[in-house]
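> Got a predicted model here, sequence first, then my questions.
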Amino acid sequence: MKRRDFLKTSVAVSALAGISPLSLTGSAAESDKTAREYYEMRLYRLKSATDRGLLDGYLEKAAIPALNRLGIKPVGVFSEIEPKEGFGIYVVIPHSSLETYATTAARLNADAEYLKAGADYLETPKANPGFLRVDSWLMLAFAGIPKIELPSYCQEKKARIFELRTYESHSEVKAQNKVDMFNAGEIDVMREVGLGPIFYGQALIGRDLPHLTYMTSAENLEAHKKHWGAFGGHPVWKKLSGDKQYADNVSRITSRMMEPAAYSQI
């Protein structure tokens, strides 16, 4: 598929999801600092927690180093502390553009170092696959947090936990409304109370549309609960949550507490 055709298709998908085509492509006036990233989030579904060795080896030794050589970083790898729907490995991959997202697979397959380092996983026999199936989502970063942010404890690879939350909406308009609510001050409050925002993404492609997904962090579960308590009592949040223009914009919330892989860059 030619790049022009790919972009046209992507714009069509974004329109169906209730996203302005201009917000998808961005404007020429956007600086590198404010240009929004795209996030590919993968869920590698596995049989059990003990069945992850082949995948971990591939991600740590082959995939992440190769992605980094392409300028794609930081790459996050996480597992759910108490899995709700079976065990799996979540991988978050940031892209600077749709073109980067579209061409990454081909560039990896042309990387001899990647193919050699990942041979055990990439060439595994059908009787011993590295995963059951892979689910994938493509998301556009919110204007209020256009790029991944890493608190100091993430940068220094200290003990840390993450919460991955997905907000589903009953219509495309309400899904966009919830994104607007985050940009109107909700993200700023989360930063202020120490919830450690990592990324916020509006889903363009994937199952369970329309929805948004975001990740927050803390040094431990106790601190995370404390930060959420401060958020709930914050006057700006109370004002936003009581504003009728933001009523009924979420139909379902799914929360997953996550821990990073030892080699995760987030």
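Perfect, I can see it now.
> Quick one: the helices in this structure, in order.
All helices of the chain, identified by DSSP state H, fall at 3-16, 21-25, 53-58, 64-69, 98-109, 112-117, 119-122, 152-155, 172-181, 187-192, 221-232, 235-242.
> was I right about residue 250 contacting residue 166?
No - Residue 250 is beyond contact range of residue 166, at 10.0 Å (criterion: Cβ atoms under 8 Å). No exception for glycine: its C-beta is placed from N, CA and C like everyone else's.
> ok so, going back, pipe the helices of the chain into a markdown table and attach mean neighbour count and mean pLDDT per row.
Below are those laid out as a markdown table (neighbours: other Cβ atoms under 10 Å; pLDDT from 0 to 100):
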| stretch | mean neighbour count | mean pLDDT |
| --- | --- | --- |
| helix 3-16 | 14 | 48 |
| helix 21-25 | 15 | 50 |
| helix 53-58 | 17 | 96 |
| helix 64-69 | 18 | 98 |
| helix 98-109 | 15 | 97 |
| helix 112-117 | 14 | 98 |
| helix 119-122 | 16 | 96 |
| helix 152-155 | 14 | 96 |
| helix 172-181 | 19 | 97 |
| helix 187-192 | 18 | 98 |
| helix 221-232 | 14 | 97 |
| helix 235-242 | 13 | 96 |
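> Quick one: closest of these to residue 205.
Closest approach to residue 205 among the helices of the chain (Cβ to Cβ): helix 3-16, 6.0 Å.
> you'd agree residue 124 is up against residue 130?
Yes - using Cβ under 8 Å, residue 124 is in contact with residue 130, at 5.7 Å.
> show me what contacts residue 40?
The contact partners of residue 40, taken as Cβ atoms under 8 Å, 6 or more residues apart in numbering, are 92-93, 95, 101, 136-139.
> Can you add distance to residue 37 and give the helices of the chain back as JSON lines?
Output for the helices of the chain, formatted as JSON lines (distance: least, Cβ to Cβ, whole Å):
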{"stretch": "helix 3-16", "distance to residue 37": "15"}
{"stretch": "helix 21-25", "distance to residue 37": "13"}
{"stretch": "helix 53-58", "distance to residue 37": "24"}
{"stretch": "helix 64-69", "distance to residue 37": "14"}
{"stretch": "helix 98-109", "distance to residue 37": "10"}
{"stretch": "helix 112-117", "distance to residue 37": "22"}
{"stretch": "helix 119-122", "distance to residue 37": "26"}
{"stretch": "helix 152-155", "distance to residue 37": "16"}
{"stretch": "helix 172-181", "distance to residue 37": "15"}
{"stretch": "helix 187-192", "distance to residue 37": "15"}
{"stretch": "helix 221-232", "distance to residue 37": "24"}
{"stretch": "helix 235-242", "distance to residue 37": "25"}
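> To residue 46, which of the ones you listed lies closest?
So among the helices of the chain, helix 53-58 is nearest, using Cβ to Cβ, at 7.1 Å.
> burial measure for residue 220, as a count.
Other residues within reach of residue 220, judged by other Cβ atoms under 10 Å, total 12.
> Would you agree it is in contact with residue 159?
Yes - with contact defined as Cβ under 8 Å, residue 220 counts as touching residue 159 (6.6 Å).
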